[in-house]
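**Student:** what's the 3D shape of this:
(chains A and B)
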2 protein chains.
Amino acid sequence: MKWTAALDVGGTSIKGALISKEGEIGETLSCPTAPERGEKAMLNDMAELVIKMAKGAGIAVKDLCGLGIGLPGCISADGRTLVFANNLHLAHSEVAKLLEKELYIPVFLDNDANCAALAEQRLGGAKDHENALLLTLGTGVGGGIIVGGKLLAGTYSSPGELGHMVIHKGGEPCTCGRFGCLETYASATALIRETRKAMRENNHSLLWEQAKILDEVDGKTVFDAAEKGDKTAQRVLQEYTENLAEGIGNLVNIFRPSVVLIGGGICAAGDALFVPLREAVKPKCYASEVGVKVPEILPAMLGNKAGLIGAAMLCFER
Amino acid sequence: MKWTAALDVGGTSIKGALISKEGEIGETLSCPTAPERGEKAMLNDMAELVIKMAKGAGIAVKDLCGLGIGLPGCISADGRTLVFANNLHLAHSEVAKLLEKELYIPVFLDNDANCAALAEQRLGGAKDHENALLLTLGTGVGGGIIVGGKLLAGTYSSPGELGHMVIHKGGEPCTCGRFGCLETYASATALIRETRKAMRENNHSLLWEQAKILDEVDGKTVFDAAEKGDKTAQRVLQEYTENLAEGIGNLVNIFRPSVVLIGGGICAAGDALFVPLREAVKPKCYASEVGVKVPEILPAMLGNKAGLIGAAMLCFER
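**Tutor:** Sure thing, here's the model as predicted:
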């Protein structure tokens, strides 16, 4: 049984792949998620993708090791139920049980960021690190925690909602209902919001050369203008970096990992993000001034394949 | 080998006990820490306490299982070195190696709050809980993390500096150099600071009946005045509870434990602390509104013996 099936379910599309234990990617397929169709239609599509990928690879579904699924939400601690996923309009969906009934192979679920962290530990940027954290900076901020080489386990649900750690009590409103969550300062969404705000307040900023209208602003806009020496952009970036560093500093003091990986499109900024970020994190790590080592802060390596690879690892390792 | 020796080293005194695997406490002894005397004198006293306790119990030091020590600071991940302890004026002290040379028994170190968490998991308020957190509210805020029934391990030092998680960026200055750490809002020190501040601003508050002068204020003052209906005291308590809940909410979202234990003198307030605290924590736990269970929030059970018992457990379990 060389192959396992993996699905990475997002709000827009369901991506699928057959993956080997070594992380080799075989047959791939995807389809739109279209969550408005409801649970049954989405689960049917997931089963269908697995069946088609197996067929494409010329093997029987029963000869797959299993099916691993990364989902954007809260998963029960036993990896059986999607407790809640805002983007998918789903709550208490018994995804594993229902798909096992269709496919007759074992099904395992985890949060998508947890899957990505597992993949990075096995085959990516956290290889050879026993204790590692992954933060994914996108629409929100996702998190995955590796301790002793394994995904951290929780009692009532999968843990690692690192984006929903308040760093600024009473600050920006978060979709979770709290105010000042890391997500509201360190997501790509937050960077874009702050870039637009700075543009509205500064008519002469070079930011207006990078994006002619506010709708054109993306996560890259502010990096481009800052590189050209624009003070407004540099200030936005500095505040963004400080907020992200505040969250990372908290997590380092809690976990003392040897590496913190950063995922998401923003990482494309490279040194313009990572050099000042490392500088900002260091003094926030408890006892760093007496020589306690600070973890490496590195870009995640597996990009948007991390979720799929990690979902496959869920099967191989149970 | 029924007994192990345990030491709980604080800024004021070094407490010692012989402890059995079941947590039975035998011979006890203590002495002043007097950290100004330096490393050698403190280590001599630690060795001396162990020798005297063994003698008092009528056994040879070599017949002890080992020596476990809880220390107020940052411990190397291998449990051998005290990397840094502000209160003890020590850095990079090879406590385990030096005491093994004196006593010829294995020596294990950990942070005092980690020891307390281990003890609570084995014999106290977190018994039967696989995933538990302990917060100790005293001069500072200490933390211990139990995952899968074991103390969480870090790479470069013992983890669990839960008090040094910023919840209010740019807020109150912390001894660690950052601003707005949980410790600066949720410690007993913080509660006393805020009580005094409220008294200075409100000459007619009943707080002035509980403490005639500001120097008399302690962690109980505000609870007593609040119980008598004093609005100022109630507001101080509400803010304290909200801040503590913010920190607990963050940690629940990160770890998803089944219990959060609170230690320290403030717990004596009982329901006046715990009832509003539970109310405040619940909505801060991610996905609690769709039914994901919120951990129990309970007082720690072992009081000031927790550190000693946990230090002993370090030996029995290695």
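**Student:** which residues touch residue A:98?
**Tutor:** residue A:43 (CB atoms under 8 Å, 6 or more residues apart in numbering or on different chains). Yep, even glycine has a C-beta here, placed from its N, CA and C like the rest.
**Student:** any idea how far it is from residue A:109?
**Tutor:** Distance of residue A:98 to residue A:109, computed by CB to CB, to the nearest Å: 11 Å.
**Student:** what are the bridge partners for residue A:19, then?
**Tutor:** The partner list for residue A:19 in beta bridges (DSSP bridges) reads residue A:4, residue A:25.
**Student:** Wait, it touches residue A:4, no?
**Tutor:** Yes: Residue A:19 is in contact with residue A:4 according to CB atoms under 8 Å; the separation is 5.8 Å.
**Student:** Give me the common contacts of the two.
**Tutor:** Taking CB under 8 Å, 6+ apart as the contact rule, the neighbours common to residue A:19 and residue A:4 are residue A:312.
**Student:** Same drill for these two, tell me which one is more crowded.
**Tutor:** When residue A:19 is set against residue A:4 and neighbours are counted by other CB atoms under 10 Å in any protein chain shown, the residue ahead is residue A:19, at 29 against 24.
**Student:** For the more buried one, which residues are in contact?
**Tutor:** Listed by CB under 8 Å, 6+ apart, the contact partners of residue A:19 are A:3-6, A:25-26, A:308-309, A:312.
**Student:** Tell me the one of those residues nearest residue A:82?
**Tutor:** Of all those, residue A:6 has the smallest distance to residue A:82: 16.0 Å, by CB to CB.
**Student:** If we go by neighbour counts, what in the host helix or strand of that closest one is buried?
**Tutor:** Here residue A:6 is covered by strand A:3-9, with elements defined by DSSP states H and E. With burial defined by 16 or more other CB atoms under 10 Å in any protein chain shown, the residues of strand A:3-9 counted as buried are A:3-9.
**Student:** host element of residue A:239?
**Tutor:** Taking DSSP H and E as the definition, residue A:239 sits inside helix A:231-255.
**Student:** residues in contact with residue A:104?
**Tutor:** Contacts were defined as CB under 8 Å, 6+ apart; by that measure residue A:104 touches A:61-62.
**Student:** need the residues of the stretch 51-200 of chain A near chain B, please.
**Tutor:** When proximity is defined as CB under 8 Å from any CB of the partner chain, the stretch 51-200 of chain A approaches chain B at A:74, A:77, A:83-84, A:91-92, A:129-131, A:143, A:145, A:147-148, A:152-162, A:164-171, A:176-178.
**Student:** The residues you listed in strands, which ones?
**Tutor:** By the criterion of DSSP state E, membership of those in strands covers A:74, A:83-84, A:91-92, A:143, A:145, A:147.
**Student:** And the helices in chain A?
**Tutor:** All helices of chain A, identified by DSSP state H, fall at A:39-57, A:95-103, A:112-123, A:183-186, A:188-201, A:207-210, A:221-227, A:231-255, A:271-281, A:306-317.
**Student:** how about the third one as CSV, C-alpha atoms only?
**Tutor:** Put plainly, it is helix A:112-123. Once side chains and other backbone atoms are set aside, the C-alpha atoms of helix A:112-123 remain, and they are given as CSV (Å, rounded to 0.1, in the frame of the first residue of the first chain):
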residue,chain,number,x,y,z
ASP,A,112,-5.4,22.5,7.9
ALA,A,113,-2.7,24.4,9.7
ASN,A,114,-2.0,21.4,12.0
CYS,A,115,-1.6,19.3,8.8
ALA,A,116,0.8,21.9,7.3
ALA,A,117,2.8,21.9,10.5
LEU,A,118,3.1,18.1,10.5
ALA,A,119,4.2,18.1,6.8
GLU,A,120,6.8,20.8,7.5
GLN,A,121,8.2,18.7,10.4
ARG,A,122,8.4,15.5,8.4
LEU,A,123,9.6,16.9,5.1
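**Student:** what does the average pLDDT come to for it?
**Tutor:** When pLDDT is averaged over helix A:112-123, the result is 97.
**Student:** Also stretch A:184-191?
**Tutor:** What stretch A:184-191 shows for mean pLDDT is 97.
**Student:** Equivalent analysis for stretch A:64-75, please.
**Tutor:** Per-residue pLDDT values across stretch A:64-75 average out to 96.
**Student:** Pull up the distance across that stretch, start to finish.
**Tutor:** 23 Å (CA to CA, to the nearest Å).
**Student:** Also stretch A:199-213?
**Tutor:** Across stretch A:199-213, the straight-line distance between its terminal residues is 10 Å, by CA to CA.
**Student:** just to revisit the earlier point, give me the distance between the strand holding residue A:6 and the centre of its chain.
**Tutor:** 16 Å (CA atoms, centre = their mean, to the nearest Å).
**Student:** ok, and what's touching it?
**Tutor:** Counting by CB under 8 Å, 6+ apart, strand A:3-9 makes contact with A:14-21, A:26, A:33, A:42, A:46, A:49-50, A:53-54, A:57, A:59, A:63-72, A:88, A:105, A:112, A:115, A:307-309, A:311-312, A:315-316, all of which sit outside it.
**Student:** Minimum distance to residue B:282: which of the helices of chain A has it?
**Tutor:** Comparison of these against residue B:282 by CB to CB identifies helix A:183-186 as nearest, at 19.9 Å.
**Student:** Now do that closest one: which elements does it pack against?
**Tutor:** Contact analysis of helix A:183-186 by 3 or more CB pairs under 8 Å, 6 or more residues apart in numbering or on different chains; DSSP states H and E lists helix A:231-255 as its packing neighbours.
**Student:** Report the angle between the helix it packs on and helix A:271-281.
**Tutor:** An angle of 50 degrees separates the directions of helix A:231-255 and helix A:271-281 when computed by axes from the mean of the first three to the mean of the last three CA atoms, to 10 degrees.
**Student:** Please spell out which residues along helix A:231-255 are buried.
**Tutor:** So helix A:231-255, judged by 16+ other CB under 10 Å, has buried residues A:232-237, A:240-255.
**Student:** and the stretch 201-318 of chain A, which residues reach chain B?
**Tutor:** Taking CB under 8 Å from any CB as the criterion, the neighbours of chain B within the stretch 201-318 of chain A are A:243, A:246, A:249-251, A:253-258, A:283-284, A:286-287, A:289-295.
**Student:** residue in the stretch 101-250 of chain A nearest to chain B?
**Tutor:** Residue nearest to chain B within the stretch 101-250 of chain A (CB to the nearest CB): residue A:154, separated by 2.8 Å.
**Student:** list the contacts for the closest residue to that residue other than its chain neighbours?
**Tutor:** For residue A:154, ignoring the flanking residues on the chain, the nearest one in space by CB to CB, 6 or more residues apart in numbering or on different chains is residue B:256 at 2.8 Å. When contacts are counted by CB under 8 Å, 6+ apart, residue B:256 touches A:77, A:154-159, B:131, B:295.
**Student:** same deal with residue A:272?
**Tutor:** Residues in contact with residue A:272 (CB under 8 Å, 6+ apart) are A:223, A:226-227, A:237.
**Student:** can you rerun that using 7 Å?
**Tutor:** When contacts are counted by CB atoms under 7 Å, 6 or more residues apart in numbering or on different chains, residue A:272 touches A:223, A:226-227.
**Student:** same question, residue A:100
**Tutor:** A:106-107.
**Student:** Can you check the pLDDT for it?
**Tutor:** At residue A:100, the predicted lDDT confidence score is 98.
**Student:** do residue A:291 as well
**Tutor:** We note a pLDDT of 86 for residue A:291 in this prediction.
**Student:** just residue A:1 next, same as before
**Tutor:** Residue A:1 carries a pLDDT value of 76.
**Student:** So it sits against residue A:62, correct?
**Tutor:** No: under the contact definition of CB atoms under 7 Å, residue A:1 does not touch residue A:62, with a separation of 9.6 Å.
**Student:** Looking at the two, which has the bigger crowd around it?
**Tutor:** Set residue A:1 next to residue A:62 and count neighbours by other CB under 10 Å: residue A:1 wins out with 14 against 10.
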